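Asks: I would like the atomic coordinates for the input below:
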Amino acid sequence: MKNHVLRPLWLAIVFVAAILLARYYVVPSDFGVHPGVHGKSFTYGFYRQGDIQDWKNFKVKYRGRDLCADCHDKEFAKIKASPHSIIQCENCHGPAIDHPDNPATLKINRSRALCLRCHADLGYPDSNRAQIPGIDPKEHNAGEACVDCHNPHNPDLEDME
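Replies: Have a look, this model is predicted:
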């Protein structure tokens, strides 16, 4: 073969060999496919077996609304009957990582920005988002917190309890 064909071929071979050599030294030996051990997952069986205990020790931050329902049954019933029933409690109240022990009370996000994540009118009448009541944040009580007028557990203005 001519030299102009062999040079790029050898260069490609050296490049692939360098990548494989770097992978050998960088990737831990226990990383790979471990099928059937933990069922189907987004990793398709690829994980590092040495990390299993680390993940078991990892503290779960978001605990889900069922934890809230055990102690806050009145608030839970209100939110389940409201248009906000699809929203998880921790979206507004923050992660319940150690709740109720530490902190005893979760800090509530009362910011206008939190409400506007869903309720800012984007002007797309044919989207799914258009079904959510939207406001123009510059016109509708600008600078005021939404919770001053709306109870998030019952967002209609009629009942401010």
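Asks: would you indicate which residues of stretch 129-143 are buried?
Replies: By 16 or more other C-beta atoms under 10 Å, the buried positions in stretch 129-143 come out as 134, 137. Bear in mind the C-beta positions are built from the backbone N, C-alpha and C, glycine included.
Asks: using CSV, write out every CA atom in that stretch.
Replies: What follows is stretch 129-143 as a C-alpha-only set of coordinates in CSV (Å, rounded to 0.1, in the frame of the first residue of the first chain):
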residue,chain,number,x,y,z
ARG,A,129,-49.9,24.7,29.8
ALA,A,130,-52.7,26.9,28.6
GLN,A,131,-55.1,24.8,30.7
ILE,A,132,-53.5,26.1,33.9
PRO,A,133,-54.8,29.5,34.9
GLY,A,134,-52.1,32.0,34.0
ILE,A,135,-51.5,35.6,34.9
ASP,A,136,-49.4,38.4,33.5
PRO,A,137,-46.9,38.9,36.3
LYS,A,138,-46.3,42.6,35.4
GLU,A,139,-50.0,43.4,35.6
HIS,A,140,-51.4,41.1,38.3
ASN,A,141,-50.4,42.4,41.8
ALA,A,142,-46.8,42.9,40.8
GLY,A,143,-44.3,42.8,43.6
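Asks: could you give the mean pLDDT of that stretch?
Replies: For stretch 129-143, mean pLDDT is 85.
Asks: now it, how far from the chain's geometric center?
Replies: 24 Å (C-alpha atoms, centre = their mean, to the nearest Å).
Asks: what does that stretch rub up against?
Replies: 112, 116, 118-122, 124, 148-149 (C-beta atoms under 8 Å, 6 or more residues apart in numbering).
Asks: how about a cut-off of 10 Å?
Replies: With contacts defined as C-beta atoms under 10 Å, 6 or more residues apart in numbering, stretch 129-143 is touched by 83, 112-113, 115-116, 118-124, 146, 148-150, 155.
Asks: swap in stretch 12-29?
Replies: Outside stretch 12-29, the residues touching it (C-beta under 10 Å, 6+ apart) are 48-51.
Asks: can you tell me which of the residues you listed has the most neighbours?
Replies: residue 48 (15 neighbours; other C-beta atoms under 10 Å).
Asks: backbone dihedrals for that residue, both of them.
Replies: phi -100, psi 120 (degrees, to the nearest 10).
Asks: and what of residue 120?
Replies: phi -80, psi 130.
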